[in-house]
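Asks: coords below, sequence missing:
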C-alpha cells in the first residue's frame, strides 16, 4: 500500500545539469521507500521512453508522469493518457512560428505516443541536444508527413526571448497551452494538460490523497503540480515564481538537493 508520493521534476530539479544522478544513493533510497510505503514519481516534460532510460534500473519500482502529465504509468500499466493534439491545431502553429517573430520549425520536435519527429534540415545544435532526451526519432521533410497522434510540440528559443515567445504563442493560437520547461525550451501541449492532471490520476489509482503528495520543481511547467501537492519544494536554481509558490526552498540541483531531502525524509531528520 502506498502511503505517500514524492513527485519530482527531472531537469533542473532531480537531475544535475549534466543530466545525471547518483544511482547508488537512489538504490538505497528506493529500498527504504518500499519499507515505508513511499513512492517516488518522475514527473517531467520528457517522454516516457526517456524517463525509462534515466531510471532503467528502477522502472518497476517508481511511477512516471511523462510529457507534462499527458502519460502516466505505474508498474507497466498505463494509468492515464491524454487526448492528442490534432493536425489541424498543431500544423498552423508550426507555420505560424516559422512566419512569426520567434523561433523556427528547424528547432522543433513533435512527440507521438511511440515515435518522435524532427525535420531533416533541423538545426544541428538542436538535433544534438535532443539526443539527451530522445533515444530515437524520425527525420521528415515536412511535419505534414507525420501520421501518428501527436501529444506535444517542443520548440527551442533563445533565452532572451523565452518569456515573450511563450506569451506570443498563447495569445496567437487556440487549442494549446505553451509553457517553459527549463533552459531554452517551450512545451506546447493540450489545454488543461499539466503535471497535476497526470499526478491526480495516479493518486486516484493508488488511493493517495493530495495532502500526502510532496512535489519538487524548478520551472513553469511544475507550478500546477506544486500547487496540487500537500507540500511544494523548489530547488535553489528554480525560477522566482516557483520559489514564491513553494512551501520550502532547498539546495541546487547540481548538489542533488532533492536526493538529500528524500534521504532526510526516510531517516526521520
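Replies: All right, it came through fine. If you're wondering where the values come from, they're calculated on a predicted model, not measured in any experiment.
Asks: can you map out the helices along the stretch 151-269 of the chain?
Replies: Along the stretch 151-269 of the chain, the stretches classed as helices by DSSP state H, counting those that start in this stretch are 162-172, 195-206, 223-228, 240-245, 257-267.
Asks: List the buried residues in the third one.
Replies: Neighbour counts over helix 223-228 (16 or more other Cβ atoms under 10 Å) mark 223, 224, 225, 226, 228 as buried. Using the backbone N, CA and C atoms, a C-beta is placed for each residue, glycine as well.
Asks: coming back round to it: dump the helices of the stretch 151-269 of the chain to a markdown table, plus distance to residue 83 and mean pLDDT.
Replies: Output for the helices of the stretch 151-269 of the chain, formatted as a markdown table (distance: least, Cβ to Cβ, whole Å; pLDDT from 0 to 100):
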| stretch | distance to residue 83 | mean pLDDT |
| --- | --- | --- |
| helix 162-172 | 19 | 94 |
| helix 195-206 | 12 | 97 |
| helix 223-228 | 18 | 97 |
| helix 240-245 | 27 | 96 |
| helix 257-267 | 31 | 96 |
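Asks: among those, which is nearest residue 58?
Replies: Comparison of those against residue 58 by Cβ to Cβ identifies helix 257-267 as nearest, at 13.2 Å.
Asks: name the helices or strands packed onto the closest one?
Replies: Contacts defined by 3 or more Cβ pairs under 8 Å, 6 or more residues apart in numbering; DSSP states H and E place helix 257-267 against strand 4-8, helix 23-36, strand 38-43, strand 213-217.
Asks: buried set for stretch 87-106?
Replies: Buried residues in stretch 87-106, defined by neighbour count with 16+ other Cβ under 10 Å: 89, 90, 91, 93, 94, 97, 102, 103, 104, 105, 106.
Asks: Kindly reformat those residues as CSV and extend each row with secondary structure and pLDDT.
Replies: Formatted as CSV, those follow (DSSP: H, G, I helix; E, B strand; the rest coil; pLDDT from 0 to 100):
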residue, secondary structure, pLDDT
89, helix, 96
90, helix, 96
91, helix, 97
93, helix, 97
94, helix, 97
97, helix, 96
102, coil, 94
103, coil, 93
104, coil, 95
105, helix, 96
106, helix, 96
